[in-house]
Structure formats: structure tokens, C-alpha cells
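Peer 1: Build me a model:
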Amino acid sequence: MNPSQSTEVAKPTHEQVALRAELLWKAKGTPNGQDEQIWLEAERQLYDEAKEVFANSATSTPSSITSSNQSPPSVASEKMASKTMSQKSSSRRK
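Peer 2: Model (predicted):
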């Protein structure tokens, strides 16, 4: 497997976990004696968020993959309208 196509979610950095843990600690009212619990919760939240982002990016199809011979709906509609108008014009001339 190509390294850029890895199915593993990157582990949050120490700094990311520390920042999230501080936010959680303050949100909980700066409790004493819950450092490890808050740290683990911060890690879990960041990991879950990364998994969600990875899952969403894996299921979306980049626009560059669409077929080159298909026009976007707005362009196709304009072409159809133009064709219809030219047919009406040519039928009026006869």
C-alpha cells in the first residue's frame, strides 16, 4: 500500500492533547486529582475527531475523478437551450 493511502489515523501530538486537556480541565471547573482522566479524555476526543475526518474524506469523491466528457448540469442546460433556440430560429426561416 502506498504510504499516502494509509488507513491509519494520525495520533494526536503531545501539544494537541495538552491544549485539549487544558480546555477540558477548565470546562470542568479546574478539578484536582483528575489529571490522568482528563488527559485520556482529551486523547480520545482528538482521536475520534481524526477518525471522523478521515472517514469523511475517504468517502468523498474528488471532482477531478468525474468523467471529462460530461458537462456540469448548468453547462449542459445552456447547450440544450442554445440548441433549442437555434432549431426554432431555423424552422421560422423556412
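Peer 1: mind checking pLDDT for Arg92?
Peer 2: On pLDDT, Arg92 comes in at 52.
Peer 1: With Thr7 instead?
Peer 2: 64.
Peer 1: okay, now Leu19: neighbour count?
Peer 2: 14 (other C-beta atoms under 10 Å). For every residue, glycine as well, the C-beta is placed using N, CA and C.
Peer 1: my bad, should have said Lys28
Peer 2: The burial count for Lys28: 12, using other C-beta under 10 Å.
Peer 1: Make 645 the first number, not 1, from now on.
Peer 2: Sure, I'll start counting at 645 from here, so that last one is Lys672.
Peer 1: can you list the residues that contact the biggest helix by length in the chain?
Peer 2: In terms of residue count, the longest helix belonging to the chain (DSSP state H) is helix 679-703. With C-beta atoms under 8 Å, 6 or more residues apart in numbering as the test, helix 679-703 has contacts from 653-656, 660-662, 664-665, 667-669, 672.
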